[in-house]
Each structure stands twice: as structure tokens, then as C-alpha cells.
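In: coordinates only, no sequence provided:
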């Protein structure tokens, strides 16, 4: 690698240097302007973001498939190695679940009867769209993923992304064929939740760690490690009863929740339209004002 | 079409190579690898690219290209628009000012210089995002991200050297 004298000499022309300096400062100013506009939630900026994301999503989609295949193969190898013990575990679990299925059927029938007696309004119908996660590495300070479905598939801003395990997060920007999902561990994520048993309301606040924090819980509410946390549906932002996670530690002022999702295994998400959107759009940037 | 047209096209394509490689790398680094704990510490490959090309071929990595790469990174990773663009422009300016120092130096010196650049760049990202969010973000993930980036540095520079020798000799 030799120094290239020619180019250095050319750069040294005073006028050129001046123009370049000016261009550089203009670009720096542009970044500040973008940040300020972004802070003010300008629609155009979001549009730019989603159009650009749309453009790269097909490429990311193609790139992400080999990685997913390799991880599936290694996982498969692990599974084959553990097939005996896994079989025994599943048999006992199956017995337990059959019992639960029986209980659930009885309860569902009873519930339907009681609801009919009360003339209760039926919950809105749910539809969902399955999307593949095509980019997830946002760096050290952001927890979000890009998925390969957007307006074209019927995804709308504010909808909820789940997997079979539980809640993933919510959709924050939607393009034509891509959308970004803010994970519930992100610093800006605030999710209305409740403790499954006591029905006590709280907010699950992400802080970029793997264990989001349970805040705004009323005082003297008993919380124990192992309590299940589900979405609460308060304010109509989230459909109620989606599994979110389990309480893992309880301290004086710090209650942590382990989400059900294994983030590294996140390959597909279901974006669910519960018919509740429209109420929640402004919650992302000013979450603290809300309870 | 005469030959000179194709030659010109060829030169333009070659000149766009550094920026193009950088964009492809940025996308490759964002792909989900399904490795536990990877996403938050995914290497900042665009920093490596900007560092390398600013030292060796600054005329092929001009400020507008750096700006565009930064914006692309912002869009890809979901950070507020402008954050990475700003930090990368600052890295570009600092490295451009010091490039004579690095030219002809050993690889270890370049690596060491890059360690300083990464530390400064991630600290800058941390500061900008903290002030935009109005809180003090936990800087620890950035420390790990910096270390992963440093570890990837030799591999990527090898690729850049190869591509420079193979394709950019004449332009």
C-alpha cells in the first residue's frame, strides 16, 4: 500500500479545499437538522425511512435465508442428540396438557354460556400476517427488528407482533413491503400489562437490557418471582391477555420480567390486527406521560 | 458505442467500489445470525470501511458518500436518522486529518489507531442518543460492540486490501 501523492496534491488546491470544507459543514448541519426533525416526528422523514427500508428488504431477505438455514441445521443436530430425554419430557407434558385441555374446554363452554346470559359484546375478530425477520442487529442502543411485510400485506402502524411464545413488540414504522417492530426490551417500549393472577395493572418498560422493568405498579401489591405477566388492554392499545413474560426478580424498587421470547431465535413474527389500532399511535415517543 | 464509453463506465464502476462494498457489508452485518446475544454487539463494519478507505483512497470515499452510508446505517438499524451520519462524518474528518500518519505504518499501528477511532465513535453515538432520549443510556453494550468490531477489523481490512489490489490499481 503506497501513499498516493497525486491525489494529495490535487486535494491541496485551495479553492477545492474551501468547497470541500463548506460541503462537509453543510453535511454536518444536515445531520443535526435530520435529528431535530426526527425528534419532532415529521411524517416525511418516516416516509423516507420506510421507502429506503423497502428498497433493501428484498436483499436482506435473501441474505438472511442462508443464516437461518444454518442455524436450523445446528438446532436440528442438537435436537437429535437429545431426542430420548426430550421424548420422555414431552410424554409427561402431554399428559398434563390433556388434562388442561379438558379443563379449558369445560371452562370455555361455561364461559360462553355465562357471556350469553350477560349479553356481552363479542371481542373484535383477529387477523394476522406472518412476516420474516430480515434484520435484527441495531447495535448497542436500539432493540428493533425489520420484517419483510408492510402495507401491501396489510400491516398497520401500532399493530402488535407476537410469536407462539408470546409478545414481541409493536410495529413503529410501516413501508410498502417492510416494517420495523420495536421490541419490548427497547428503551422506548412501554407496554400496558397486568399480573395474570391478581389483575393488578402495571407498565412494562424496556431499558435495552434483556429483562424489562415492571413500573407503575400500585403500592403494596403482592408480587412474587414466577408470577405471569400478560398484556392488559388498558387504553385500547394492546389486546388483553397476550403472554408477555415471568417475573424473575423482585426488589424494593426494581421488578424485572423475563420475556417468553428467545430473541436470538426470532425468525418469524405474526403481526396481529386486533381491531384496536388508531388509539395508540402517539405513544411511542412520549410514553412517560401515560399510565 | 465506442470503446471509450465502456472504459469510462468501467472506471466509474470501479470508483464506486469502496462505497458499494461498505453498503453490502452494512447489510450483511444486520442479518439475523440467530446467535444468542449477537444483535446488540454486531460489529460496526461501516466504521471499519470508512476508516480504511479514508486512509488509503480518500478520493473514493468523499464526505457525501460517508453521509449517505451513515444514513443507510441509521435506516438499517433503526437509530434516529442522522446519528450515525454525524458520527461517521466526524470519524471521516478526524481520520482524514491524520491519514499521513497512518500511511506506510505497520498493520498494528493501524489497528491501534482504529481502536481509538472506535472508542471515540461509539462514545459519540452514546452521547448523541443519550441526549436525544433524554436519559443516560447504559454504555456497556457499546463496549462489547467495540471489542467485536476490533476483532473483525483484521478480516475486513484483508478483504479491502485484496479488492484494492485487484480492482482499484488503475483508478
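Out: Nice, I can see it. Everything quoted here is computed from the prediction, not taken from an experiment.
In: switch to C-alpha atoms for all contacts and neighbour counts from now on
Out: OK.
In: now the residue lying closest to residue A:47 once chain neighbours are set aside: how far from residue A:254?
Out: Here the nearest residue to residue A:47 in space, its sequence neighbours aside, is residue A:175; by Cα to Cα, 6 or more residues apart in numbering or on different chains that works out to 7.6 Å. In this structure, residue A:175 and residue A:254 are 37 Å apart, going by Cα to Cα, to the nearest Å.
In: ok, residue A:63 touching residue B:32?
Out: No. Taking Cα atoms under 8 Å as the definition, residue A:63 is not a contact partner of residue B:32, at 9.2 Å.
In: residues near the residue nearest to residue A:47, how many?
Out: As a burial measure, residue A:175 scores 25 neighbours (other Cα atoms under 10 Å in any protein chain shown).
In: do the same with residue A:22
Out: 12.
In: check which helix or strand it maps to.
Out: For residue A:22, the element it lies in under DSSP states H and E is helix A:14-39.
In: can you tell if that helix touches chain B?
Out: Yes. Using Cα under 8 Å from any Cα of the partner chain, helix A:14-39 reaches chain B at A:23, A:24, A:27, A:28, A:30, A:31, A:32, A:33, A:34, A:35, A:38, A:39.
In: by neighbour count, which of the residues you listed wins?
Out: These, ranked by neighbours (other Cα under 10 Å): first place residue A:31, 23 neighbours.
In: so it sits right up against residue B:88, yeah?
Out: No. In this structure, residue A:31 is not within contact of residue B:88 by Cα under 8 Å, at 10.5 Å.
In: give me the phi and psi angles of residue A:217.
Out: phi -80, psi 140 (degrees, to the nearest 10).
In: how many residues are close by it?
Out: 19.
In: look up how far residue B:8 lies from it.
Out: 67 Å.
In: in chain A, where's the longest helix?
Out: In terms of residue count, the longest helix belonging to chain A (DSSP state H) is helix A:43-81.
In: for the closest residue to residue B:148 other than its chain neighbours, give its distance to residue B:122.
Out: For residue B:148, ignoring the flanking residues on the chain, the nearest one in space by Cα to Cα, 6+ apart is residue B:43 at 5.5 Å. Separation of residue B:43 from residue B:122 (Cα to Cα): 11 Å.
In: so where's the stretch 1-150 of chain A uncertain?
Out: The model of the stretch 1-150 of chain A has pLDDT under 70 over residues A:1-12, A:122-125.
In: what does it have sitting close to chain B?
Out: A:1-4, A:7, A:23-24, A:27-28, A:30-35, A:38-39, A:49, A:52-53, A:60, A:63-64, A:67-68, A:71, A:133-145.
In: surely the residue nearest to residue A:47 meets residue A:50?
Out: Yes. Counting by Cα under 8 Å, residue A:175 does reach residue A:50; the two are 4.5 Å apart.
In: from the chain's centroid, how far away is stretch B:21-37?
Out: Averaged C-alpha coordinates place stretch B:21-37 at 13 Å from its chain's average position (Cα atoms, centre = their mean, to the nearest Å).
In: what's the model's confidence in it, averaged?
Out: Stretch B:21-37 carries an average pLDDT of 86.
In: related to what we said a few turns ago, what is in contact with residue B:43 and residue B:122 at once?
Out: residue B:146 (Cα atoms under 8 Å, 6 or more residues apart in numbering or on different chains).
In: and residue A:60, how many residues sit next to it?
Out: With other Cα under 10 Å as criterion, residue A:60 counts 24.
In: these two touch, right, it and residue A:134?
Out: Yes. In this structure, residue A:60 is within contact of residue A:134 by Cα under 8 Å, at 5.6 Å.
In: what do those two both touch?
Out: Jointly contacting residue A:60 and residue A:134 under the rule Cα under 8 Å, 6+ apart are residue B:31.
In: need phi/psi at the residue nearest to residue A:183 when sequence neighbours are not counted.
Out: Nearest residue to residue A:183, sequence neighbours excluded (Cα to Cα, 6+ apart): residue A:169, at 4.4 Å. Dihedral angles of residue A:169 (phi, psi; degrees, to the nearest 10) stand at phi 170, psi -160.
In: count of neighbours near residue A:169?
Out: Residues near residue A:169, counting by other Cα under 10 Å: 27.
In: where do the helices sit along the chain?
Out: Just so you know, I chose chain A. Using DSSP H, the helices of chain A run over A:5-11, A:14-39, A:43-81, A:83-118.
In: I was after chain B.
Out: Using DSSP H, the helices of chain B run over residues B:3-15, B:17-30, B:45-56, B:63-77, B:83-102, B:107-133, B:140-167.
In: hmm, stretch B:6-18 in reach of chain A?
Out: No. Taking Cα under 8 Å from any Cα as the criterion, stretch B:6-18 and chain A are apart, separated by no less than 13.7 Å.
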